[in-house]
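Trainee: Structure for the following, please:
(one chain, ligands or ions: 1)
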Amino acid sequence: MKKFNWGIIGTGRIANTFAQALAGCGEAVCYAAASRTREKAEAFAQKYGFEKSYGSYKELAEDENVDVVYIATPMSCHYGDALLCIKNGKNVLCEKSAALSLSQLDEMLKAANENNVFFMEAMWMKCRPVYLKALEWAKRIGRIEYIKADFCNLVQYDPKDRLFDPGCGGGALLDLAVYPLTLAYDFLGEPEEIITAAHIGRGGVDLSNSIMLKYNNAAASLNSSFEIPNNNSALISAENGMIIFSDWFFCTSRAALCDRDGKELEVFDKPNEINGYEYEIREVCRCLSEGIRESPLVPHSSTRAVMRIMDKCRADWGMRYPQEK
Ligand SMILES: NC(=O)c1ccc[n+]([C@@H]2O[C@H](COP(=O)([O-])OP(=O)(O)OC[C@H]3O[C@@H](n4cnc5c(N)ncnc54)[C@H](OP(=O)(O)O)[C@@H]3O)[C@@H](O)[C@H]2O)c1
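Mentor: Numbering: from 1, shown residues only. Modelled structure (predicted):
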């Protein structure tokens, strides 16, 4: 398989984790790293063995040797950073949530289409072997009736942290709820009704939220929060069985197919080869080598469907980001 030259934009928390996986993937080359600060870019590049470092995102986007860019900036920057890369003909893997709103996302997808480049939200959960196994099991358990999934993570309030800053697209919705919502959408599809409530903190973004998705004869109950700790399990209950993800469902390597009483019938437990991000990296490289512009594992339709639900939640809460008119 051809090796692809990767560029990384932003050198924060997840960029470091991602770079570790990138460095261990044979089909990927750690080619260029960009930061708003030249020194940070140089230090990052040196740490993970990138050939090039740039003190601006624009320089990286204009480097003709970059095949694909991983965007690891705050949510509010994804739209501008992705358009910069796409308009320079770059394929893009963009961190979750891919945009602040569906209208931003649609402009990004339109630009990707017009420039004939690959675009994928970095919804790594959907590329992981355990998740693919659960999707396979779902075909064997009959009609799904109920899903419960939580992502709660206690974080001390800090108005300077992007998580609490509306200007950065902060809030539990885009940061955490995107995972349980993606799970619910993948296993149950588009909901007929969305019922939601949130605790909006002093900064103006949701610190906690509850989302109930109603379907014809099914429901999903999803909670996300920065205010409480939780084991973050996920459970899919169906007519003839259950799928239970172990704690921290979106990054666990273990899930079980159970009977209606919760007795384990089959267990899937495959440790990560690197740190779990290798699967999305390989999926992007596979798509690029096959010349396809959209991953079948993370299709644009699912990113759009989840974004549409998040738009609806924010509309119900009256929560708007400063970037929105
Ligand atoms: N897939 C996952 O498991 C996972 C986990 C955590 C986060 N994420 C996602 O990854 C993205 C980044 O999250 P993170 O936790 O890595 O954030 P972070 O630690 O704050 O890093 C973000 C980086 O973006 C750059 N940046 C550009 N404009 C910025 C601005 N206005 N304010 C702050 N930083 C800015 C900075 O890099 P430079 O200074 O080098 O330019 C910064 O270090 C988010 O979309 C988040 O949802 C994904």
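Trainee: Next one, pLDDT for the closest residue to the ligand within the chain please.
Mentor: The nearest approach of the chain to the ligand comes at Gly12, 1.8 Å away (C-beta to the nearest ligand atom). C-beta here means a position set from N, CA and C on the backbone, and glycine is covered the same way. At Gly12, the model reports a pLDDT of 97.
Trainee: these two touch, right, it and Ala72?
Mentor: Yes - here Gly12 reaches Ala72: they are 6.4 Å apart, a contact under C-beta atoms under 8 Å.
Trainee: Counting neighbours, go ahead and name the busier of those two.
Mentor: Ala72 (25 against 15; other C-beta atoms under 10 Å).
Trainee: shouldn't that one be in contact with Ala19?
Mentor: No - Ala72 sits out of contact with Ala19 when judged by C-beta under 8 Å, with a separation of 9.1 Å.
Trainee: So for those two, which residues contact both of them?
Mentor: Ile8 (C-beta atoms under 8 Å, 6 or more residues apart in numbering).
Trainee: what residues go with each domain of the protein?
Mentor: What automatic domain parsing lists as the domains of the chain is 4-124+279-296, 126-276+306-317.
Trainee: Gln46: what secondary structure?
Mentor: helix (DSSP: H, G, I helix; E, B strand; the rest coil).
Trainee: Also Phe18?
Mentor: Assigned by three-state DSSP, the conformation of Phe18 is helix.
Trainee: The closest residue to it other than its chain neighbours and Ala111: what is the separation?
Mentor: Using C-beta to C-beta, 6 or more residues apart in numbering and skipping residues adjacent in sequence, the residue nearest Phe18 is Tyr277, 5.3 Å away. Relative to Ala111, Tyr277 is positioned 25 Å away (C-beta to C-beta, to the nearest Å).
Trainee: wait, what's in contact with Ile228?
Mentor: Counting by C-beta under 8 Å, 6+ apart, Ile228 touches Cys152, Leu154, Ser208.
Trainee: repeat that with 6 Å
Mentor: Cys152 (C-beta atoms under 6 Å, 6 or more residues apart in numbering).
Trainee: Wait, a helix at it?
Mentor: No - per three-state DSSP, Ile228 lies outside any helix segment and is coil.
Trainee: ranges for the helices of the stretch 201-325 of the chain?
Mentor: According to DSSP state H, counting those that start in this stretch, the stretch 201-325 of the chain carries its helices in the segments 278-289, 300-317.
Trainee: Let me know which of those helices is the nearest to Tyr179.
Mentor: Ranking these by proximity to Tyr179 (C-beta to C-beta) places helix 300-317 first, at 9.5 Å.
Trainee: What residues of the closest one count as buried?
Mentor: Going by neighbour count (16 or more other C-beta atoms under 10 Å), the buried part of helix 300-317 is 300, 302-307, 309-314, 317.
Trainee: Also stretch 7-20?
Mentor: Under the neighbour-count criterion of 16+ other C-beta under 10 Å, stretch 7-20 has Gly7, Ile8, Ile9, Gly10, Thr11, Ile14, Ala15, Phe18, Ala19 buried.
Trainee: Using the three-state scheme, assign the second one.
Mentor: So that's Ile8. Applying three-state DSSP: Ile8 is strand.
Trainee: Would you mind listing what in the stretch 101-250 of the chain touches the ligand?
Mentor: Within the stretch 101-250 of the chain, the positions lying close to the ligand (C-beta under 6 Å from any ligand atom) are Ala122, Trp124, Arg162, Cys168, Asp175.
Trainee: Those: which two are farthest apart?
Mentor: Trp124 and Cys168 (20.7 Å).
Trainee: Same drill for the two, tell me which one is more crowded.
Mentor: Legend: neighbour count by other C-beta under 10 Å for Trp124 and Cys168, higher for Trp124 (25 against 22).
Trainee: what's around the closest residue to that one other than its chain neighbours, how many residues?
Mentor: Leaving out its chain neighbours, the residue that sits closest to Trp124 by C-beta to C-beta, 6+ apart is Glu280, at 4.3 Å. Other residues lying near Glu280 total 25 when counted by other C-beta under 10 Å.
Trainee: quick one: the strands in the stretch 151-300 of the chain?
Mentor: All strands of the stretch 151-300 of the chain, identified by DSSP state E, counting those that start in this stretch, fall at 193-200, 206-215, 218-225, 234-238, 241-245, 254-258, 264-269.
Trainee: partners of the last one in the sheet?
Mentor: Just to be clear, that refers to strand 264-269. When pairing is defined by DSSP bridges, strand 264-269 lines up against strand 254-258 (antiparallel).
Trainee: Buried residues, the partner strand. List them.
Mentor: For strand 254-258, a neighbour-count test (16+ other C-beta under 10 Å) marks Ala255, Ala256, Leu257, Cys258 as buried.
Trainee: orientation of that strand relative to strand 234-238 in degrees?
Mentor: Strand 254-258 runs at 20 degrees relative to strand 234-238, counting by axes from the mean of the first three to the mean of the last three C-alpha atoms, to 10 degrees.
Trainee: Which one of the strands of the stretch 151-300 of the chain lies nearest to Leu183?
Mentor: When these are compared by C-beta to C-beta, strand 234-238 sits nearest Leu183, at 6.0 Å.
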